[in-house]
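Asks: fold the following.
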Amino acid sequence: MTAIKTENLTKYYGKSRGIIDLSLTVEDGDFFGFIGPNGAGKSTTIRTLLGFINSNGGTAEVLGLNVKENKTEILKNVGYLPADASFYKGMKVKEILKLSSNLRGLDCSEEAKILCERLDLDVNKKIEELSLGNRKKVGIVCALQHKPQLYILDEPTSGLDPLIQHEFYTILQERNNEGATIFLSSHILSEVARYCKNAAIIRDGKLLACDSVSNLSHSDVKRVTLKGATEIPQNDNIRDLKTENGITSFLYNGKSNALIRELVNLHFEDLTITDPELSEVFMHYYRKDGEQ
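Replies: Coordinates of the predicted model:
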């Protein structure tokens, strides 16, 4: 069974673009990163998957169930964290957590206690007394305390300090090792590179790439560094050119033999060709046609 599957999923807000012909498969048990900056279509995709908004075209299945026909059943088995969670004012954290579990008809008190201790969350404070980071923790516990099959998390670490971020991902890795599927959207590429097995890159509502994080990082794009170069190759496949302190580097996405033929005719002291970081690959995908 696939955890998430979409085929040509499309959503417009009037004439404004949401997502366009998005076809995506997330296998059961995956730890999947959905990468893109604000406005790329990540939240629209997630809200459509959960049935919060209706698509204009295409199909979507979550846990093997059609989203439009089985919204309630899907939500029973999903832990969802929105990018900006809102809570009832005047309620204490422990009351919000209890309300969340009661709505599911479950007693999650023991798991909630463990999560609050690990995330250093004071359950006796009222929601309006909490910082942005601590409100984020409340949303995380609400999403995790019932230990669902699938976690759909929209920018889950925004507002969290580094120590809590690390603990949060440790918890997710434990859940993933137990068989749960993790699907999270993020614009923090270091997190995706460190924790996710597979990832997709979205731009302007369209899927640009979907592969293992390892394959995305070891793509056809290469980082080329020249020491002491007096000039650089004149090639349309060169991007992200930087020169500082006698070191010239650039991203290259073309045939290697073509680049080597050009380099042979240049003067430089040393040459290094490496696989770029995921962040560099991401920026390569995000450059518009004609941009350098």
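Asks: and Arg239, how far is that from Arg261?
Replies: Shown here: Arg239 relative to Arg261, a distance of 19 Å by Cβ to Cβ, to the nearest Å. No exception for glycine: its C-beta is placed from N, CA and C like everyone else's.
Asks: quick one, which of these two is more surrounded?
Replies: Set side by side, Arg239 and Arg261 show more neighbours around Arg239, with 16 against 11, by other Cβ atoms under 10 Å.
Asks: before we move on, which element is the more buried one in?
Replies: Counting by DSSP states H and E, the secondary-structure element that holds Arg239 is strand 238-244.
Asks: buried residues in that strand, which are they?
Replies: Residues Ile238, Arg239, Asp240 are the ones in strand 238-244 that count as buried (16 or more other Cβ atoms under 10 Å).
Asks: close enough to count as contact, the second one and Leu251?
Replies: This means Arg239. Yes - with contact defined as Cβ atoms under 8 Å, Arg239 reaches Leu251; the gap is 4.5 Å.
Asks: host element of the closest residue to Val123 other than its chain neighbours?
Replies: Distances taken as Cβ to Cβ, 6 or more residues apart in numbering place Lys94 nearest to Val123, at 3.9 Å, with adjacent residues excluded. Of the helices and strands defined by DSSP H and E, Lys94 is found in helix 93-103.
Asks: okay, angle between whichever helix or strand comes after that helix and helix 93-103 too, please.
Replies: Stepping forward along the backbone from helix 93-103, the first helix or strand reached (DSSP H and E) is helix 109-118. Taking axes from the mean of the first three to the mean of the last three Cα atoms, to 10 degrees, helix 109-118 and helix 93-103 form an angle of 140 degrees between their directions.
Asks: for helix 109-118, C-alpha coordinates in PDB please.
Replies: Output for helix 109-118, consisting of C-alpha atoms alone and laid out as PDB, is shown next (Å, rounded to 0.1, in the frame of the first residue of the first chain):
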ATOM      1  CA  SER A 109      -2.600  10.900  28.300                       C
ATOM      2  CA  GLU A 110       0.400   8.700  28.800                       C
ATOM      3  CA  GLU A 111       1.900   9.400  25.400                       C
ATOM      4  CA  ALA A 112       1.200  13.100  25.700                       C
ATOM      5  CA  LYS A 113       3.000  13.200  29.000                       C
ATOM      6  CA  ILE A 114       6.100  11.500  27.500                       C
ATOM      7  CA  LEU A 115       6.100  13.900  24.500                       C
ATOM      8  CA  CYS A 116       5.700  17.000  26.700                       C
ATOM      9  CA  GLU A 117       8.600  15.900  28.900                       C
ATOM     10  CA  ARG A 118      10.800  15.300  25.800                       C
END
